[in-house]
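> Return atomic coordinates for the entry below.
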Amino acid sequence: MENEKRNSLFFSLTPIIYLILSIVFFRTVWIVEYPHPYALCLSGMFSFLQRYNRNLLFLKSALRKNFLSVLPAMEILFFVGLLIASWAYSGILLTMMQIGTSFIEPKYFLPSIAIVSAIAAMVSGSSWTTAGTLGVALMGVSKYLGFPDVMSAGAIVSGCYFGDKLSPLSDTTNLASSLTHVPIWTHIRHMLKTTCFSFVLAVFCFYLLNLYTWDPRVQEDIPTSIGLSVLLGKGIVYWKLIPVLIVFGSSFFHLPVRVSFLLGIVSAFLFPILESGISMEMGKSLILGFHSQSGNRTWDLFLSGGGIVSILPTEILILTAVWFGGVVEGFGYLNELLIKIKQWAKNQFDLLLSTMGVSFLLNLMTADQYLSLVIPARAFRTLAVEKNIPEKDVSRALGDSGTITSPLIPWNSCGAFMASSLGVPVLGFLPFVFFNLIHVVLSVSVLFYQKIKLKSS
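Residues are numbered from 1 along each chain as shown. Sure thing, here's the model as predicted:
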């Protein structure tokens, strides 16, 4: 009886239940500023105590594997903190904001930044590079024009993940295709119909939201001590865009993201060094972040940020997620769920839905989008062959869930990165990430429709 209880579906799901209850507790009862690290630690501890007599070697192995999987993300986050600080210090963010406000019409602002982010992510092959560079500048423009941060962040994340999903340079797109042995262009073409429709619908939603949000009278409240004419083009130093071109251009040479960011940091600091020499303030800004002192409080808020200190809460969040994911995987909870899902999948639509469900579950439990692609592909690949499911359908299911849902979870490395870079909590921009939300609903709806149609015939 005890063994049956421990193998029940409810028992296997208890880590997720503990996590949800812990988040509610730290948000409503014992309110803390950063509830998710506390919730991940506590729920991981409860899950550990349930199976304290398990072999700790499995836990150590899972912790080690999870830590190594998120280590690149933590490293890139570190460089993003330095990059934002260096670009703020060198005036590059100001230049990007000046240009952004020159070319983007306020009445089309939200759909425009979604499209611009999509193009940048498609060219660079990285949603992270786009959010950590262009996204930061667009958030500054958003604040200047009076748009809510949560809406602008939602538009930027939507564009980033649409572009990333359809880019042949994207690591997750290449991973999904290689895991299922589908040629990269076949994989991308197969995603076009649903992905493009979702993005067009998302852009239309942003347009409607823009109509509801934008008020021309807001122009009266824009800071005037610096002068609107200066922001809208006068005094733009275009050669300060060189570090931006270096970061995005390095994608064509397939340089690692950390190398691209390092080049962006070094090239950014060349400007102040040539103008006034090396200063201690440069090193201070890299550690504590850059603090603008223009004399205008609102403007200083726009142009300040970055630094190692700014990304520490995100790094801690990722480490606590590693602990939670290690317990879930090392003590067998995840494996039990996979076995039960395999038993449930009877036809090709069940299998594709299971692939999407497991990808989302892994994003939730392991905090790493790469594991959310690798484990389902490994778990369901043989079963897909047995049921004569086209490999491109499996690769699309992985992209539709594993990649798309990763920025929607606060403790996932992608969600944490977007929140840290854009300065908006995941739960804040979550309702406005229209592309990701629409695409997941559309993908699942299509599978359910096909399943119902098959049964009726």
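> any low-confidence regions in the stretch 251-400 of the chain?
By pLDDT under 70, the low-scoring segments of the stretch 251-400 of the chain are 251-252, 294-302, 378-379, 381-382.
> And the helices in it?
Under the criterion DSSP state H, counting those that start in this stretch, the stretch 251-400 of the chain contains helices at 257-276, 280-288, 297-303, 308-330, 333-344, 348-366, 371-386, 391-398.
> closest one to residue 38 among those?
Ranking the helices of the stretch 251-400 of the chain by proximity to residue 38 (Cβ to Cβ) places helix 308-330 first, at 8.1 Å. Just so you know, the C-beta spots here come from the backbone N, C-alpha and C atoms, and that holds for glycine as well.
> helices or strands next to the closest one in the packing?
helix 9-28, helix 35-50, helix 56-90, helix 280-288, helix 333-344, helix 348-366, helix 413-422 (3 or more Cβ pairs under 8 Å, 6 or more residues apart in numbering; DSSP states H and E).
> wait, which of the ones you listed is closest to residue 436?
Among the helices and strands packed on helix 308-330, helix 413-422 sits nearest to residue 436 (Cβ to Cβ), with 10.6 Å.
> Tell me the first helix or strand C-terminal of the closest one.
helix 426-429 (DSSP states H and E).
> which residues touch the residue nearest to residue 15 when sequence neighbours are not counted?
Nearest residue to residue 15 in three dimensions, chain neighbours excluded: residue 47, at 4.3 Å (Cβ to Cβ, 6 or more residues apart in numbering). Residue 47 sits next to 14, 15, 18, 324, 327, 328, 331, 333 when contact means Cβ atoms under 8 Å, 6 or more residues apart in numbering.
> want to throw the helices of the stretch 251-400 of the chain into TSV with mean neighbour count and distance to residue 436?
Converted to TSV, those look like this (neighbours: other Cβ atoms under 10 Å; distance: least, Cβ to Cβ, whole Å):
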stretch	mean neighbour count	distance to residue 436
helix 257-276	17	21
helix 280-288	15	32
helix 297-303	16	27
helix 308-330	22	20
helix 333-344	17	23
helix 348-366	24	11
helix 371-386	19	14
helix 391-398	24	15
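> In TSV, list those along with distance to residue 443.
As requested, the helices of the stretch 251-400 of the chain are exported to TSV (distance: least, Cβ to Cβ, whole Å):
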stretch	distance to residue 443
helix 257-276	27
helix 280-288	42
helix 297-303	37
helix 308-330	25
helix 333-344	18
helix 348-366	7
helix 371-386	14
helix 391-398	8
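> of all those helices, which lies closest to residue 441?
helix 348-366 (11.5 Å).
> tell me the angle the helix or strand containing residue 189 makes with helix 391-398.
Here residue 189 sits within helix 184-213, counting by DSSP H and E. Helix 184-213 runs at 30 degrees relative to helix 391-398, counting by axes from the mean of the first three to the mean of the last three Cα atoms, to 10 degrees.
> So which bits of helix 184-213 are buried?
Within helix 184-213, the residues that qualify as buried are 184, 187-188, 190-191, 194-195, 198-199, 202-203, 205-207, 209-210, 213, counting by 16 or more other Cβ atoms under 10 Å.
> For residue 111, which of the helices of the stretch 251-400 of the chain is the nearest?
By Cβ to Cβ (comparing all of these), the closest turns out to be helix 297-303, at 22.1 Å.
> one step back: counting by contacts, list what the helix holding residue 189 packs against.
helix 109-124, helix 149-165, helix 171-179, helix 391-398, helix 434-456.
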